[in-house]
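> the following block contains a protein sequence and its predicted model.
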Amino acid sequence: MKTLTLGVPSERQMAFLSDSHRYVAFGGARGGGKSWAVRIKAVLLAFYYKGIRIMIVRRTYPELRANHIEPLKLLLGDTAVYKESTKEITFPTGSVIMFRHCANSSDIDKYQGTEVDVLFLDEATQLTEEEYERFKACVRGVNPFPKRIYLTCNPGGVGHGFVKRLFVDRRFRESENPEDYVFIKSLVTDNHALMESDPEYIKQLESLPPKLKKAWLHGDWDIFEGQFFEEFRDDPDHYEDRKHTHVIAPFEIPYDWKIVRSFDFGFRKPFSCDWWAIDYEGRAYLILQLYGCTDIPNDGVKWHPDKIFSEIRRLETEHRWLKGKCIEGVADPSIWDASRGEAIIEAADRHFVYFSRGDNKRIPGWMQCHYRMGFDGEGKPMVYFFNTCKAAIRTIPLLEFSDTVPEDLDTEGEDHFADSFRYFCMSRPITPKISREIKPSGDDPLDQRTRYKGFSY
């Protein structure tokens with residue numbers, strides 16, 4: 001009998017080894033021992049269950065080799081066979097661990113016919129949501145072994161948004177079952193082996209710039225390098241007193257408050273229509289939002305211009321906060337462009353939805369957004385978002401600065417609500433408030449709890 005010494009897991013690593021949800025995300029900060037946990041769970045599954053297929057994915061092959069292939073070859077010795085030509089480890093049980101990389105989306109084409117029982121996406125935030133969905137399609141087969149997907153992740157990266165949506169915010173689409181998903185947060189301080197072997201690592205994290213420190217040391221998914229609206233706060237503890245937060249609970253809008261509708265149209269992209277109520281002090285409240293996609297169906301709906309403006313008209317004639325009001329409209333100037341055929345504004349006119357041209361100056365517009373979001377001496381901003389306006393609350397924290405124009409926003413992000421917000425702010429500019437820093441407040445085949453230590457084969 002041969003014995004493998006696998007090591008002793010931390011409490012968080014043990015939670016990962018024992019979890020049996022269909023989708024498990026593990027991590028949240030640098031140095032949390034994610035790669036070790038992936039290797040150990042994969043090995044235990046391969047040894048204990050006959051004929052199962054496991055795939056470990058990293059963005060690049062050098063990362064795959066350094067983080068998984070070489071450590072596993074060293075760990076397993078002659079108890080399993082690694083074949084370089086296929087980049088697979090075959091176990092005496094007939095189970096296989098496959099190693100695959102995805103330097104770009106076209107690499108996934110090579111794996112379309114691959115079927116696996118267990119998928120590990122190591123550093124999943126380096127993958128786009130489309131790449132994630134395509135890899136998910138590999139998890140299938142007719143054998144009775146429960147199909148599972150495990151993700152390791154840190155805040156930031158191109159996949160930050162979808163990982164945060166599913167595992168941190170737990171904002172699910174109709175086709176997603178919340179009971180299938182779990183997030184196991186692990187920080188560097190949970191990784192006792194690393195703390196003992198490299199005590200300087202935590203000091204390196206402590207010395208990072210504030211945004212990176214919050215993301216990489218504390219696992220804060222709302223703060224990351226390059227965040228454009230870094231002042232944005234969503235603090236449920238202050239929904240009622242409306243201090244030190246931009247997100248609040250809805251309330252009934254006084255009838256004499258002015259209503260402004262702002263609109264950004266996305267050609268083959270999402271659109272955002274937003275209704276703002278203005279109180280007696282000029283403070284704005286985002287009270288209602290219509291958000292969807294003009295090309296790719298969003299929640300099963302593909303929004304063509306006539307459908308968009310028909311729905312806007314319906315809301316403004318039926319919704320208790322909007323009906324009977326004289327609503328001002330301000331929109332992206334591009335909807336007057338007829339170079340693609342009929343101008344979008346013509347569809348709006350057909351449904352009696354009227355707009356004036358928004359001021360499209362980008363830097364002054366973003367400054368007005370920042371002015372409104374700034375907190376005054378009492379901790380109150382000049383703009384609030386009702387917590388029912390999900391697209392606004394989801395996208396604002398994810399937007400980043402442009403690499404080429406430092407004062408501007410990176411247009412590769414999901415900036416459609418932000419643009420609508422900018423048009424609104426430029427329609428009634430304000431002077432900045434005095435700002436201050438506000439601190440954010442049976443035998444389960446997936447359960448490896450009893451198998452990590454003193455493992456013998």
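Great, that's in hand.

> going forward, measure contacts between C-alpha atoms and count neighbours the same way
Fine.

> could you pull out the strands for the stretch 151-300 of the chain?
181-186, 247-248, 258-264, 270-278, 284-293 (DSSP state E, counting those that start in this stretch).

> so for Tyr150, which of these sits nearest?
strand 181-186 (10.0 Å; CA to CA).

> centre of the chain versus that closest one, how much separation?
Strand 181-186 sits 14 Å away from the centroid of its parent chain (CA atoms, centre = their mean, to the nearest Å).

> next one: stretch 277-297
On CA atoms, centre = their mean, the centre of stretch 277-297 falls 21 Å from the chain's centre.

> got the buried residues for that stretch?
277-278, 283-294 (16 or more other CA atoms under 10 Å).

> same check on stretch 398-416?
Those would be Leu398, Leu399, Glu400, Phe401, Ser402, Asp408, Leu409, Asp410, Glu414, Asp415, His416, for stretch 398-416 by 16+ other CA under 10 Å.

> give me the contacts around it.
Here stretch 398-416 makes contact (CA atoms under 8 Å, 6 or more residues apart in numbering) with 161, 222, 225-229, 264-266, 270-272, 362-363, 366, 395-396.

> may I have that stretch as CSV, with CA atoms only?
The C-alpha coordinates for stretch 398-416 follow below in CSV (Å, rounded to 0.1, in the frame of the first residue of the first chain):
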residue,chain,number,x,y,z
LEU,A,398,-17.8,47.8,-12.0
LEU,A,399,-16.8,50.7,-14.2
GLU,A,400,-13.2,51.6,-14.6
PHE,A,401,-11.0,54.5,-15.7
SER,A,402,-9.9,54.6,-19.4
ASP,A,403,-6.3,53.5,-20.0
THR,A,404,-5.9,56.3,-22.7
VAL,A,405,-7.9,59.2,-21.2
PRO,A,406,-7.3,59.3,-17.5
GLU,A,407,-10.3,61.5,-16.6
ASP,A,408,-12.7,59.4,-18.8
LEU,A,409,-14.5,56.1,-18.3
ASP,A,410,-13.5,52.9,-20.1
THR,A,411,-16.2,52.5,-22.7
GLU,A,412,-15.5,48.7,-22.9
GLY,A,413,-17.4,48.3,-19.6
GLU,A,414,-21.1,48.1,-19.2
ASP,A,415,-21.5,51.9,-19.2
HIS,A,416,-25.1,52.3,-20.5
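
> on that earlier part again, just the buried members of the contacts of stretch 398-416?
By 16+ other CA under 10 Å, these give 161, 222, 225-229, 264-266, 270-272, 362, 366, 395-396 as buried.

> what are the boundaries of the helices in this structure?
Assigned by DSSP state H, the chain shows helices spanning 11-18, 34-48, 61-64, 70-76, 129-136, 160-163, 192-197, 200-206, 210-216, 305-318, 344-350, 362-373, 390-395, 416-427.

> what angle separates the longest one from helix 11-18?
In other words, helix 34-48. 30 degrees (axes from the mean of the first three to the mean of the last three CA atoms, to 10 degrees).

> any weak-confidence spans in the stretch 351-457 of the chain?
403-407, 432-457 (pLDDT under 70).

> same thing with the stretch 51-200 of the chain?
In the stretch 51-200 of the chain (pLDDT under 70), the answer is 190-200.

> what sits up against stretch 250-270?
Residues contacting stretch 250-270 (CA under 8 Å, 6+ apart): 271-280, 287, 291-296, 321-322, 325-332, 335, 386-388, 416-417, 419-421, 423-424.

> picking that back up, using CSV, lay out the strands of the stretch 151-300 of the chain together with distance to Lys147.
Below are the strands of the stretch 151-300 of the chain laid out as CSV (distance: least, CA to CA, whole Å):
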stretch, distance to Lys147
strand 181-186, 13
strand 247-248, 38
strand 258-264, 41
strand 270-278, 33
strand 284-293, 32
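
> go through these and name the closest to His218.
strand 181-186 (9.3 Å).

> got the contact list for that closest one?
Contacts of strand 181-186 (CA under 8 Å, 6+ apart): 12-13, 15-16, 21-29, 32-33, 166-168, 219.

> tilt between it and helix 11-18?
Using the same axes, to 10 degrees: strand 181-186 against helix 11-18 is 150 degrees.

> buried ones in strand 181-186, by neighbour count?
Buried-residue list, strand 181-186, by 16+ other CA under 10 Å: Tyr181, Val182, Phe183, Ile184, Lys185, Ser186.

> next: stretch 231-242.
Quick answer for stretch 231-242 (16+ other CA under 10 Å): Glu231, Phe232, Arg233, Asp234, Asp235, His238, Tyr239, Arg242.

> could I get the CA-only coordinates of stretch 59-70 as PDB?
This file holds the C-alpha atoms of stretch 59-70, laid out as PDB (Å, rounded to 0.1, in the frame of the first residue of the first chain):
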ATOM      1  CA  ARG A  59      -5.900  31.100 -18.600                       C
ATOM      2  CA  THR A  60      -2.400  30.200 -19.800                       C
ATOM      3  CA  TYR A  61      -0.400  27.000 -20.100                       C
ATOM      4  CA  PRO A  62       2.600  28.300 -18.100                       C
ATOM      5  CA  GLU A  63       0.200  29.100 -15.200                       C
ATOM      6  CA  LEU A  64      -1.300  25.600 -15.600                       C
ATOM      7  CA  ARG A  65       2.100  23.900 -15.500                       C
ATOM      8  CA  ALA A  66       3.400  26.000 -12.500                       C
ATOM      9  CA  ASN A  67       0.300  25.800 -10.400                       C
ATOM     10  CA  HIS A  68      -1.000  22.300 -11.100                       C
ATOM     11  CA  ILE A  69       0.900  20.000 -13.400                       C
ATOM     12  CA  GLU A  70       4.300  20.200 -11.800                       C
END
